[in-house]
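Asker: quick one: sequence and predicted model below, then my questions.
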Amino acid sequence: MPRIVLATPRPEAWQAFAAALTSDPEVHLMRVVSGATALEAARSFAPHLMIIDSDLPDIGPLDLVRKLLMVNAMVNTAVVSPLSDAEFHEASEGLGVLGRLPAEPDGRAAADLLHKLRKVSGEML
């Protein structure tokens, strides 16, 4: 059962994405609105995946990934970024980010990300 945290202050932009994730009856989705609540969720909820928006009010997405590694390095991450694939790869190198998402990801992006998560997690999920 994949436990996923979606960290965004823009729920309307993520509506189709979240609906696609939760259409899978095994997915348990927790929504938070800041980096601080995301880190608390990493401690208490033990997610398999944290999806991080670029518009968090208190921290940048890659900075949150760095802090998350200190809390629970086993949490996979996906990050919204306007950078090109090459620029994003350079900026996130060594952080183990599972994927880069567009500013308003759709249901297809959710399905692709869930497939990646299950692939890297093997039989666990």
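Answerer: Happy to help now that I have it.

Asker: what residue is smack in the middle of the protein?
Answerer: In the chain, the C-alpha nearest the mean C-alpha coordinate belongs to I51, at 1.3 Å (CA atoms, centre = their mean).

Asker: state whether that residue is indeed within a strand.
Answerer: Yes: I51 sits within a strand when classified using DSSP: H, G, I helix; E, B strand; the rest coil.

Asker: contacting residues for G99?
Answerer: When contacts are counted by CB atoms under 8 Å, 6 or more residues apart in numbering, G99 touches 78-79, 112-113, 116. Every C-beta, even on glycine, is put in place using the N, C-alpha and C of the backbone.

Asker: re earlier: quick one: the residue nearest to the centre of the chain and L101, what's the gap?
Answerer: To L101, I51 is 7 Å away according to CB to CB, to the nearest Å.

Asker: phi, psi of L98?
Answerer: Dihedral angles phi and psi of L98 (degrees, to the nearest 10) take the values phi -70, psi -30.

Asker: give the contact list for the nearest residue in space to it that is not next to it in sequence.
Answerer: Nearest residue to L98, sequence neighbours excluded (CB to CB, 6 or more residues apart in numbering): N76, at 4.7 Å. The contact partners of N76, by CB under 8 Å, 6+ apart, come to 48-50, 96, 98, 117, 120-121.
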